[in-house]
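*Asks:* give me coordinates for this.
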Amino acid sequence: MPDSNISDSPLPGLYIVATPIGNLGDITPRAAKTLASAGVIAAEDTRVTAKLLSHLGLRVPMTPYHDHSDERTRAALVARMESEIVVLVSDAGTPLISDPGYKLVRDARAAGRHVTTLPGPCAAIAAITLSGLPSDRFLFAGFLPNKAKARADTLAEFAGLRATLVFYESGPRLSASLAAMAEGLGDREAAVAREISKMFEECVTGTLTELSARYADAPPKGEIVVIVGPPGEAVAEEADDATLDAALREAMGDKPVAQAAKAVAKRFGLDRHDVYARALTLKDFGKEQA
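*Replies:* The predicted model follows:
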């Protein structure tokens with residue numbers, strides 16, 4: 001059974017506290033008590049955390065801690081952990097999940113400080129439970145890169161994983177990202193979850209192509225999680241050297257070499273780099289014969 005005998009005199013150190021992702025009623029009693037006991041709260045955005053403290057009727061000193069915080073800021077917080085409770089929070093959900101914080105945890109451990117976590121809301125986990133997609137194995141991938149090539153390269157890394165994929169996304173980028181996922185991963189089953197735990201909570205399911213079309217002219221508002229199902233069980237075609245060469249020549253008729261190699265490698269279940277090397281050989285041989 002869960003241990004309810006939590007000490008009334010918690011040790012000084014670092015406390016990683018999950019906060020609500022929407023509904024303020026999701027704050028746990030233990031989290032509220034720890035916030036009240038803090039000597040300082042290291043907050044991603046103090047203005048956001050101030051709203052939570054106001055809801056709880058608390059006045060606790062805060063200091064910003066975010067992606068741009070430097071080593072001196074971390075050192076000052078680690079020093080305070082020797083005699084005070086330092087609470088780390090993000091704007092919403094569980095700190096360190098696509099949020100700053102791991103360097104502070106690392107430095108606190110290196111200094112021998114007490115480090116513990118208070119589990120609670122996490123948008124990625126909540127969205128998986130809403131999606132109806134396989135949850136026995138999943139990969140949290142955070143936000144995709146902004147630039148098209150970097151985004152395509154990232155998706156290529158994930159394409160062969162037999163796992164459900166979890167992404168965070170913003171409304172203005174949603175349709176383009178869904179289309180890129182369909183291109184890079186195949187047109188898989190997916191879900192778009194937003195406003196989780198709030199009044200207008202929504203979870204829309206469909207293929208990546210269908211969802212991209214849905215949001216093309218109506219970008220949604222709010223925090224968004226995209227859940228993409230694992231690849232299907234399609235069996236790759238078998239190919240001898242002659243078949244592979246013929247497929248490459250056909251593909252290179254209307255595609256650049258790299259795209260042709262990628263498509264043929266996927267069709268036959270072969271290593272993309274090996275197929276690309278073969279495509280270059282065929283292209284060079286064709287030039288010699290011309």
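*Asks:* when you work out contacts or count neighbours from here on, use the C-alpha atoms and nothing else.
*Replies:* Will do.
*Asks:* what residues are up against Leu96?
*Replies:* By CA atoms under 8 Å, 6 or more residues apart in numbering, the contact list for Leu96 reads 90, 102.
*Asks:* which strand or helix spans it?
*Replies:* Assessed by DSSP states H and E, Leu96 sits outside every helix and strand.
*Asks:* how far away is it from Gly253?
*Replies:* Computed as CA to CA, to the nearest Å, the Leu96 to Gly253 distance reads 47 Å.
*Asks:* and for Lys149?
*Replies:* From Lys149 across to Gly253, the span is 22 Å (CA to CA).
*Asks:* now do Asn146
*Replies:* Asn146 sits 30 Å away from Gly253, going by CA to CA.
*Asks:* and what of Ile27?
*Replies:* Counting by CA to CA, the gap from Ile27 to Gly253 is 59 Å.
*Asks:* which one of those two has more residues nearby?
*Replies:* Neighbours were tallied for Ile27 and for Gly253 using other CA atoms under 10 Å; the higher tally belongs to Ile27 (19 against 10).
*Asks:* what residue lies at the spatial centre of the protein?
*Replies:* Central residue check for the chain by CA atoms, centre = their mean: the C-alpha nearest the mean position is that of Gly142, 1.8 Å away.
*Asks:* list the contacts for that one?
*Replies:* Residues near Gly142 by CA under 8 Å, 6+ apart: 98, 166-168.
*Asks:* so is it in a helix, a strand, or just coil?
*Replies:* Recorded secondary structure, Gly142: strand (DSSP: H, G, I helix; E, B strand; the rest coil).
*Asks:* just the helices in this protein please.
*Replies:* Assigned by DSSP state H, the helices in the chain fall at 29-37, 46-56, 71-80, 102-110, 123-131, 148-158, 174-185, 208-216, 241-252, 257-268, 272-289.
*Asks:* worst mean pLDDT among these?
*Replies:* When those are compared on mean pLDDT, helix 272-289 scores lowest, with a mean of 79.
*Asks:* packing partners for it?
*Replies:* Here helix 272-289 touches helix 241-252, helix 257-268, going by 3 or more CA pairs under 8 Å, 6 or more residues apart in numbering; DSSP states H and E.
*Asks:* now mean neighbour count and distance to Leu118 too, for those helices, in CSV please.
*Replies:* CSV is the format used below for the helices and strands packed on helix 272-289 (neighbours: other CA atoms under 10 Å; distance: least, CA to CA, whole Å):
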stretch, mean neighbour count, distance to Leu118
helix 241-252, 16, 54
helix 257-268, 19, 44
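*Asks:* out of these, nearest to Val115?
*Replies:* Taking CA to CA, helix 257-268 is the member of the helices and strands packed on helix 272-289 nearest to Val115, at 45.7 Å.
*Asks:* ok, Asn23 - contacts?
*Replies:* 197-198.
*Asks:* angles on the backbone of Asp240, please.
*Replies:* Backbone torsions for Asp240, taken as degrees, to the nearest 10, come to phi -90, psi -180.
*Asks:* what is the burial count for it?
*Replies:* By other CA under 10 Å, the residues close to Asp240 number 7.
*Asks:* and Phe158, by the same measure?
*Replies:* 17.
*Asks:* ok, and the closest non-adjacent residue to it?
*Replies:* Among residues not flanking Phe158 along the chain, Leu185 sits closest, at 7.6 Å (CA to CA, 6 or more residues apart in numbering).
*Asks:* dump the residue contacts of the one you found.
*Replies:* Contacts of Leu185 were listed using CA under 8 Å, 6+ apart, and they are 155-156, 158-159, 231.
*Asks:* nearest to Ala176, of the residues you listed?
*Replies:* Closest approach to Ala176 among the contacts of Leu185 (CA to CA): Leu155, at 13.3 Å.
*Asks:* what distance do you get for that closest one to Ala218?
*Replies:* According to CA to CA, Leu155 stands 24 Å off from Ala218.
*Asks:* higher neighbour count, those two?
*Replies:* Using other CA under 10 Å as the criterion, Leu155 and Ala218 rank with Leu155 on top: 20 against 12.
*Asks:* which one of the helices and strands packed on helix 272-289 lies nearest to Ala42?
*Replies:* Nearest to Ala42, of all the helices and strands packed on helix 272-289, is helix 257-268, at 45.8 Å by CA to CA.
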